[in-house]
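J.: Give me the fold of what follows.
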Amino acid sequence: MSLLVPTPSLVPAGTAVMPPMARQATSIDTIEGAKRKAAFQAVEEHFSNDMQFVGIGSGSTIIYGVEAIKAYLTKNPPKNDRYIFFIPTGFQSRKVIEQAGLMPMAFDSLPEKVMLDVAFDGADEVDDELNCIKGGGACLFQEKLVATRAKKFVCIADYRKNQARLMTKWPSIPIEVAPISHATVMRQLKLLGSVNPVLREHTLAKTGPVQTDQGFYIIDAPFKPLLTAKDVAEGKDGSGVDGVWDVHTLAHKIKAISGVLEVGLFFGPTGIEVQAAGGQGGQKPVACYFGNRDGSVVVTRWPKEA
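T.: The predicted model follows:
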């Protein structure tokens, strides 16, 4: 197979022609660099060595979050040889914690009254109000457990995840379901307006459906772009007419389906807002750090700054 590149007559003098594979590698390097920049800034602004319990999410972005925490603790170790415990959202994040030489603790080993000082996690897509789609890595149930046990949830992402509305570029909402119920749930999702929800399977088809750490299945359900609370306040109908939903309404509708364990929509008040009202923690991040192509980081906070 020949590698087709522009002929010399079509290329300005002095212009280097980059082969497709090199361009792809450059793109990947840019994305990973953006994630790393965002992670280091998020950790710098929200982590300290006097914390005791810290939530660690799943996925490729959080690897850089753990790297940033490790770098911080190398320069600023906890005083009096005190341990900081890191609570993972699944098997993968536990291994990342261990490989960094940090101390993991299982979520169900937390004392009842303990709150996490902070939880760091990524997202598949984030809208203007910091509602998130999560679950691309099939850890959404434990990610939501950890987020709602934290005083604050801080999201780390790259520029591709920063969208005005959910379901803009990310193709579907992950939903964790009991295996016995998956066909029934998919039927109910179609009635809600999801076009062609699918049961997530391994790349090698003969190995069957993907199973979560809970032994559950994941359904990926496409929907039309989701409206924000601001859209609804401005009079737009997010009640499901013509398959158009707002984030809050759709999340509650899906969660109410028998057989659904959790929905990959993170929304509502932040942990700080929930605690101010006398509750525990919230699903929505207090801030999202988006790493950009040029090495800069855009920070969106909630409630939004005036």
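
J.: Scan this protein for its longest helix.
T.: Criterion DSSP state H: the longest helix present in the chain is helix 20-46.

J.: Run the chain-centre distance for that one.
T.: Distance of helix 20-46 from its chain centroid, counting by CA atoms, centre = their mean, to the nearest Å, is 16 Å.

J.: Just to check, Glu129 is in contact with Lys230?
T.: Yes. With contact defined as CB atoms under 8 Å, Glu129 counts as touching Lys230 (6.8 Å). C-beta here means a position set from N, CA and C on the backbone, and glycine is covered the same way.

J.: The two: who's more crowded?
T.: Glu129 (20 against 12; other CB atoms under 10 Å).

J.: how close does the more buried one sit to Cys288?
T.: With distances taken as CB to CB, to the nearest Å, Glu129 is found 11 Å from Cys288.

J.: And Asp50, by the same measure?
T.: Counting by CB to CB, the gap from Asp50 to Cys288 is 24 Å.

J.: which of those two has more neighbours?
T.: Taking neighbours as other CB under 10 Å, Asp50 and Cys288 compare with Cys288 leading, 26 against 10.

J.: Would you confirm that the more buried one belongs to a strand?
T.: Yes. Under DSSP: H, G, I helix; E, B strand; the rest coil, Cys288 sits within a strand.

J.: burial count for Asp127?
T.: 26.

J.: Contact partners for it?
T.: Gln163, Ala164, Arg165, Leu166, Leu226, Thr228, Val247 (CB atoms under 8 Å, 6 or more residues apart in numbering).

J.: Excluding covalently adjacent residues, which one is nearest to it?
T.: Among residues not flanking Asp127 along the chain, Leu166 sits closest, at 4.9 Å (CB to CB, 6 or more residues apart in numbering).

J.: wait, isn't that neighbour in contact with Leu130?
T.: No. Using CB under 8 Å, Leu166 is not in contact with Leu130, being 10.6 Å away.

J.: ok, the two, which is more surrounded?
T.: Using other CB under 10 Å, the more surrounded residue of Leu166 and Leu130 is Leu166, with 30 against 23.

J.: and the more buried one, how far is that from Ala178?
T.: 25 Å.

J.: Need the pLDDT of Pro111.
T.: Note on Pro111: pLDDT of 94.

J.: That one belongs to a strand?
T.: No. Pro111: not assigned to a strand; according to three-state DSSP it is coil.

J.: Report how many residues lie close to it.
T.: For Pro111, using other CB under 10 Å, the count is 6.

J.: Quick check: phi and psi at it.
T.: The phi/psi pair for Pro111 (degrees, to the nearest 10) reads phi -60, psi 150.

J.: just the CA coordinates of stretch 32-49, formatted as PDB?
T.: Only the C-alpha atoms of stretch 32-49 are listed here, as PDB (Å, rounded to 0.1, in the frame of the first residue of the first chain):
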ATOM      1  CA  GLU A  32      -2.800  13.800  26.700                       C
ATOM      2  CA  GLY A  33      -0.900  17.000  27.400                       C
ATOM      3  CA  ALA A  34      -4.200  18.900  27.800                       C
ATOM      4  CA  LYS A  35      -5.400  16.300  30.300                       C
ATOM      5  CA  ARG A  36      -2.200  16.500  32.300                       C
ATOM      6  CA  LYS A  37      -2.200  20.300  32.500                       C
ATOM      7  CA  ALA A  38      -5.800  20.300  33.700                       C
ATOM      8  CA  ALA A  39      -5.000  17.600  36.300                       C
ATOM      9  CA  PHE A  40      -2.000  19.400  37.800                       C
ATOM     10  CA  GLN A  41      -3.900  22.700  38.100                       C
ATOM     11  CA  ALA A  42      -7.000  21.000  39.700                       C
ATOM     12  CA  VAL A  43      -4.800  19.200  42.200                       C
ATOM     13  CA  GLU A  44      -2.800  22.400  43.000                       C
ATOM     14  CA  GLU A  45      -6.000  24.300  43.800                       C
ATOM     15  CA  HIS A  46      -8.000  21.600  45.600                       C
ATOM     16  CA  PHE A  47      -5.600  19.100  47.300                       C
ATOM     17  CA  SER A  48      -3.500  19.600  50.400                       C
ATOM     18  CA  ASN A  49      -1.400  17.400  52.600                       C
END
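
J.: which other residues reach that stretch?
T.: 54, 60-62, 64-65, 67-69, 71-73, 76-79, 84, 118, 120, 152, 154-159, 287, 289-293, 295-297, 299.

J.: redo that, cut-off 7 Å
T.: Stretch 32-49 is contacted from outside by 60-61, 64-65, 68-69, 72-73, 76-78, 118, 120, 154, 156-159, 289-293, 295, 297, using CB atoms under 7 Å, 6 or more residues apart in numbering.

J.: No further queries at this time; thank you.
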